[in-house]
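A.B. asks: the amino acid sequence is not available; the structure is as follows:
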């Protein structure tokens, strides 16, 4: 079992920045990918970014150039640096842990999820 704990959400004005963190603990696989998804009110959960075991990154088009995902394998932690935030980025952000080493935007391939952290961007 793997436990994920997210932190770093909050309220920020449009154009501002936030950094999300997600720390994993428990019996993790030796190679894994991690990713971020988000869900806005009344909408389905959508992919934001993912990072493979080797460090390859994958972003949804709407965040390219604004968000950056990174990882610290020694601490089994993934980060999401969000810049130039827009009101449409407002959502609950979820961290996912996948036993598959390659980065993926397919939520079904993530084995564990965090509880989510709220990000609110005011206009």
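C.D. replies: Structure's in. What do you need? Note that the structure is a prediction, hence the values are computed from the model and not measured.

A.B. asks: now do the same contact list for the spatially most central residue of the chain.
C.D. replies: In the chain, the residue lying closest to the centroid (C-alpha atoms, centre = their mean) is residue 36, at 2.2 Å. By C-beta atoms under 8 Å, 6 or more residues apart in numbering, residue 36 lies in contact with 20, 22, 48-50, 69, 78, 80, 93-96. C-beta coordinates here come from the backbone N, C-alpha and C atoms, glycine included.

A.B. asks: which parts of whatever helix or strand it lives in are buried?
C.D. replies: Residue 36 is part of strand 33-39, with elements assigned from DSSP states H and E. By neighbour count on 16 or more other C-beta atoms under 10 Å, the buried set for strand 33-39 is 33-38.

A.B. asks: do the same with stretch 71-78
C.D. replies: 71, 76-78.

A.B. asks: any chance of those residues in a markdown table, plus pLDDT?
C.D. replies: Below are those laid out as a markdown table (pLDDT from 0 to 100):
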| residue | pLDDT |
| --- | --- |
| 71 | 95 |
| 76 | 92 |
| 77 | 95 |
| 78 | 97 |
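
A.B. asks: I'd assumed residue 88 was in a helix, is it?
C.D. replies: Yes: under DSSP: H, G, I helix; E, B strand; the rest coil, residue 88 falls within a helix.

A.B. asks: for it, give its distance to residue 6.
C.D. replies: Noted for residue 88: a distance of 20 Å to residue 6, by C-beta to C-beta, to the nearest Å.

A.B. asks: what's the answer for residue 110, then?
C.D. replies: Relative to residue 6, residue 110 is positioned 14 Å away (C-beta to C-beta).

A.B. asks: so which helix or strand takes in residue 44?
C.D. replies: Per DSSP H and E, there is no helix or strand for residue 44.
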